[in-house]
Structures are given as structure tokens and as C-alpha cells.
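>>> Everything below, folded, please.
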Amino acid sequence: MKLATYKDGSRDGQLVVVSRDLATAHFATDIANHLQQVLDDWNFLSPQLQDLYDTLNHGKARHAFPFEARSCMAPLPRAFQWADGSAYLNHVELVRQARGAEVPKSFYTDPLMYQGGSDDFLGPCDPVVCPSEALGIDFEAEVAVITGDVRMGASAAQALEGVRLLMLVNDVSLRKLIPDELAKGFGFLQSKPASAFSPVAVTPDELGEAWQGGRVHLTLQSTWNGRKVGMCEAGPEMTFHFGQLIAHICKTRNVRAGSIVGSGTVSNKGVEIKGKTEWPKGYSCIAEKRAIETIQDGQPSTEFMKYGDTIRIEMKGLDGVSVFGAIDQEIAPPTSARKPEARS
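Numbering: from 1, shown residues only. The predicted structure follows:
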């Protein structure tokens, strides 16, 4: 099934069920008001939502209305946890090669992960508000999962069973702030502003054969200022699958329902064409493009994002239909900052 959260002036919005083709929706008020309620009582509430979803897809829902992505908050507007991995080691290799650094051997056996802010996510069409263009504004196209409860010490296979929903992410980065923050040895903070999520979150069964081994075997499309810059395959080159990422968190603690775990920037290896390495599938963040340029030409030539720039991130199923809807955002100055939603 497919679920979304509509803006209603509150912090947590209003849960809606969305048809498979993303054409219609129906408020889930009689079942649950918010997605977190469903995650907390998944076994009881999700079958009821599934029934409504089936009714909606058969055109028999009495109070259905046209679905609008611009009316959406993030599916889970605020979460108990947002842990973002870096599961595509090709991305790490390129960025490190560009600055002349080796990839530690442990990176291939132990996932990289950081904890980001989870109190104020962006909706799929909300502007990305940044204090200054000079901060090195970058998009990062990723896949993420929302979990149920997963116990401490769970194996990767057990952790994978805890995946409830999948989404897309724009994990915005301010690249000019990252070096100084990482140099402190304490991780990201100011360099990672609010992340944005796709209009809908979907249960794994919606992906059909594309959901295999804890990976999404579909193409993630990134379109910057109307030009398609990334057609990256999300499945084959994901070094650590979602079960492994969740199990990494579970090593020393429980993971609770409503935790969001990201894949990191989706990245594909280059290919040799006439003796030269090319990246025909493009890129899912500007930092990777700049790393490729540095490797090839000795210095980067692509600039980071400016006010007025747009980014669209989308993934289509094997049938060619959008699975999650599109993240479709504009970079904006602080005057466009949204006000915090009212207390729910």
C-alpha cells in the first residue's frame, strides 16, 4: 500500500491512503490520524489501511479525492530517529580518490552512518531554504526505509523483517561546512539541514520483484534545473543492504518503530570507453560530479546550487509508473522559510 501525510496546519499532518497510480487519495481518519500511530500498532492497523487501499484501487472508495503531492508533508513529518548510511562505497571511493585519500579497509565490512536531525523534515515540494549560496548547497538522492521495532542484537536478516515502508530522500548537504565539522571528529551538524522525503511511503510488496535482498532494484532519477543528471541503479552496487544498515544500529541498542534509515547517495561505478573512464549513469549529488571532474581534469568545474535552482528526484517501477511520487524542490533564501506547524 501507499501512504502519505497531508498538511493540515499541525506538526504531524493527516494520514491519507494513496492509490497505486498516485491519482487518488482517501483520508485514513477512521483508522489512524498519523503515520506514527500505525507504526506503533502495525499488526492491528495496517490490515485496515490495506483494506482501504484495495477499495481505493478498485474505485469504490466513497470519499476519494485527487491526490496532490504539493499538499504533502514528509510521510513521517518528524521521527524518533534519522540515521543515514553511506551504503554505496563507489561514492566514498570517488570522493576520497579526488582528495588523494585511501578508503580504510573497515569501510567495506562496517557501514558508515551518522545521525541527522529528525525533528523538522521537509515535504516533497517544500523549498530548500539556505542561509547563503556560499555554503555549497548540494542535493543527495537516496532511498530510505521506515522501521518497526527491531531488538538490540538483531541479525541482518532479522532486521530486514523490521522494514515497514520505503521512501525517497533528498538529504541536503552544505558542502562548504562539512570539512571543518568533520575535522572536529564529532560528525555532521550544521552541514546537514532538513532532509526532504517523497510524497508517499510504500510497503515493500508494492515494489514486487524490484525489492530483493534488502535492496531496491530500480533506477533513481535526478533532474537538476530541468536537465536529467542521474539515472543511477539503486540495487546492484549497494554494498550494504537495508537489513545490514538496521542491524548496524541495533548492535548496541533497540531500534524503535518510526526510525528512518537512509541508504546514502546512490552511486554507480564508471565504465571504460575507448581507454577513458566515463560515468554514463550520471550522479546523485554534485559532490560526486565534482570528484569525477577532479579525477579526470585535476579540478572541479561544476558549481553547487544557487537560489532558484530546482531539483527533482523520482523512481519509476518496472511498469514505468512513478512509485513514490517526485521530490520537486527549489533552492530558496531565508525569506522563504516556512513557519513551524502548530502544536498538534
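>>> hey, where'd the strands end up in the stretch 101-250 of the chain?
Along the stretch 101-250 of the chain, the segments classed as strands by DSSP state E, counting those that start in this stretch run 113-115, 128-129, 137-138, 141-147, 163-170, 173-174, 196-197, 201-202, 211-212, 215-216, 219-224, 227-233.
>>> Now the fourth one: average pLDDT?
Confidence for strand 141-147, expressed as mean pLDDT, is 98.
>>> Next, the angle strand 163-170 makes with it.
150 degrees (axes from the mean of the first three to the mean of the last three C-alpha atoms, to 10 degrees).
>>> Which positions in strand 141-147 come out as buried?
Neighbour counts over strand 141-147 (16 or more other C-beta atoms under 10 Å) mark 141, 142, 143, 144, 145, 146, 147 as buried. In this view, the C-beta of every residue, glycine as well, is placed from N, C-alpha and C.
>>> for it, packing partners?
Where contact means 3 or more C-beta pairs under 8 Å, 6 or more residues apart in numbering; DSSP states H and E, strand 141-147 is packed against strand 163-170, strand 219-224, helix 242-250, strand 259-262.
>>> Could you rerun that using 6 Å?
For strand 141-147, the packing partners by 3 or more C-beta pairs under 6 Å, 6 or more residues apart in numbering; DSSP states H and E come out as strand 163-170, strand 259-262.
>>> again with the longest one
Applying 3+ C-beta pairs under 6 Å, 6+ apart, one finds that strand 163-170 contacts strand 141-147, strand 196-197, strand 201-202.
>>> same question for the last one, mean pLDDT?
What strand 201-202 shows for mean pLDDT is 98.
>>> Give me the residues contacting that strand.
Outside strand 201-202, the residues within contact range by C-beta atoms under 6 Å, 6 or more residues apart in numbering are 2, 3, 75, 165, 166, 167.
>>> same check, this time on the longest one
Under the criterion C-beta under 6 Å, 6+ apart, residues 162-167, 169, 171, 216, 220, 222, 234, 242, 255, 259-263, 266, 284, 313 lie in contact with strand 141-147.
>>> Quick check: buried residues in the helix or strand of the chain with the lowest mean pLDDT?
Every helix and strand of the chain was ranked by mean pLDDT, DSSP states H and E. The lowest is strand 276-278, at a mean of 86. Buried residues in strand 276-278, counting neighbours by 16+ other C-beta under 10 Å, are absent.
>>> Deepest-packed of the strands of the stretch 101-250 of the chain, please.
strand 196-197 (a mean of 28; mean count of other C-beta atoms under 10 Å).
>>> Who's the closest spatial neighbour of residue 282, skipping the chain neighbours?
Spatial nearest neighbour of residue 282, chain neighbours left out: residue 230 (4.0 Å); criterion: C-beta to C-beta, 6 or more residues apart in numbering.
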